[in-house]
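**Student:** This is the structure alone, sequence omitted:
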């Protein structure tokens, strides 16, 4: 699949500059009937309606373990959507001939929401069409918020990181991803989510809750076991695994919200991860990207764009296989205590 990197621009993006949506709809047509699709929600943009798609590939059994892939929460971070689409394209190509993948998908369901914020992406905005940052929009408050206004604020849409008015429903897009996730969590014994973003930094990071409190999540032992599995399988990986609160703390994080809502279901495991691709890896090699808002969050040079799409394929394939074999590595008893100790030693409150 070929998705051209975005053209540097400082003005708004128009529908003609939303190739990700066109590619997504082509993949839907090409992948049917194995690829099942539906419209989760529709959002308005200057009199036009843009869809928010949900896709499913693999087992239709509600009790199958789930890998949930999400992208495009922040419209300016196009590379996240492109990465999810590239992974979907690879899966559809392999599904034609790869018997092991065919067998794996009889046991596992992959659920994708590649473009959650189409209006924001069409306009080149971080926020959605209403000026609200979807990753600050959930009804949860940080116990010790990080620097203002990055942590989320209520002043107005004219300033980035706007949460929206208090005591108002979540935005359509935020409700759509929450509905999709909770639908899967209701029946799946094990769900692993990866939300793909890009942002400032010299490292590719994999974040996990909590984003709003200085506390290890209740499934720290399970995450530590997953990380050790990845490190032993791929010892030269480029990622830094850490709770998001090690970096900064925010109000309204959607994955904090979903994780905390799911906690009472003690017999089901939900591990939400966020891939934060370090955009300074691209900027430092092409300082002209500093003159473009788009260039601060996306690789603009074609070969670096292609390299970024390749760079994370190993991680995505690993996560799929970890979901398939979750019962083989999920710790229990003394082993879980060992991994809990390892998690506290590695990620203890900073």
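**Tutor:** Great, that's in hand. In this text, all values refer to a predicted model and were calculated from it rather than measured experimentally.

**Student:** Now do the SS call for residue 37.
**Tutor:** When classified by DSSP: H, G, I helix; E, B strand; the rest coil, residue 37 comes out as strand.

**Student:** Over to residue 169?
**Tutor:** Assignment for residue 169 (three-state DSSP): coil.

**Student:** From residue 137, how far out is the nearest residue to residue 199 once chain neighbours are set aside?
**Tutor:** Excluding the flanking residues, the one nearest residue 199 by Cβ to Cβ, 6 or more residues apart in numbering is residue 276, at 5.4 Å. The way it works is simple: take the backbone N, C-alpha and C, and place the C-beta from them, glycine included. Distance of residue 276 to residue 137, computed by Cβ to Cβ, to the nearest Å: 18 Å.

**Student:** Pick out whichever of these two has more residues nearby.
**Tutor:** Taking neighbours as other Cβ atoms under 10 Å, residue 276 and residue 137 compare with residue 137 leading, 29 against 25.

**Student:** Just give me the neighbour total for the closest residue to that one other than its chain neighbours.
**Tutor:** Nearest-residue entry for residue 137: residue 174, 4.7 Å, with adjacent residues in sequence omitted and distances by Cβ to Cβ, 6+ apart. Here the count is done by other Cβ under 10 Å, and residue 174 has 27 residues near it.

**Student:** For the helix or strand containing residue 174, list every residue counted as buried.
**Tutor:** For residue 174, the host element (DSSP states H and E) is helix 172-185. Buried residues in helix 172-185, counted by 16 or more other Cβ atoms under 10 Å: 172-174, 176-178, 180-181, 184-185.

**Student:** Which one of those residues is nearest to residue 320?
**Tutor:** residue 184 (15.0 Å; Cβ to Cβ).

**Student:** these two touch, right, the closest one and residue 65?
**Tutor:** No: contact criterion Cβ atoms under 8 Å: residue 184 and residue 65 do not qualify, at 9.8 Å.

**Student:** which residues do the two both contact?
**Tutor:** Common contacts of residue 184 and residue 65 (Cβ atoms under 8 Å, 6 or more residues apart in numbering): 109, 191.

**Student:** what about the stretch 1-150 of the chain, any weak spots by pLDDT?
**Tutor:** 1-15 (pLDDT under 70).

**Student:** Repeat the analysis, applying 80 as the threshold.
**Tutor:** 1-17 (pLDDT under 80).

**Student:** residue boundaries of the helices in it?
**Tutor:** Counting by DSSP state H, counting those that start in this stretch, one finds helices in the stretch 1-150 of the chain at the ranges 19-31, 78-95, 99-104, 118-123.

**Student:** want to throw those into TSV with mean neighbour count and distance to residue 303?
**Tutor:** Shown next, in TSV, are the helices of the stretch 1-150 of the chain (neighbours: other Cβ atoms under 10 Å; distance: least, Cβ to Cβ, whole Å):
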stretch	mean neighbour count	distance to residue 303
helix 19-31	17	18
helix 78-95	23	14
helix 99-104	13	28
helix 118-123	26	23
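
**Student:** Kindly reformat those helices as TSV containing distance to residue 164.
**Tutor:** Formatted as TSV, the helices of the stretch 1-150 of the chain follow (distance: least, Cβ to Cβ, whole Å):
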stretch	distance to residue 164
helix 19-31	24
helix 78-95	22
helix 99-104	40
helix 118-123	14
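
**Student:** Just tell me which of these ends up closest to residue 205.
**Tutor:** Judged by Cβ to Cβ, the one of those that comes nearest to residue 205 is helix 78-95, at 13.3 Å.

**Student:** Return the distance of that closest one from the chain's centre.
**Tutor:** 13 Å (Cα atoms, centre = their mean, to the nearest Å).

**Student:** Hey, what's the angle from that helix to helix 19-31? Just curious.
**Tutor:** Interaxial angle, helix 78-95 versus helix 19-31 (axes from the mean of the first three to the mean of the last three Cα atoms, to 10 degrees): 10 degrees.

**Student:** quick revisit: quick one: which helix or strand includes the residue nearest to residue 199?
**Tutor:** Using DSSP H and E, residue 276 sits within strand 269-278.
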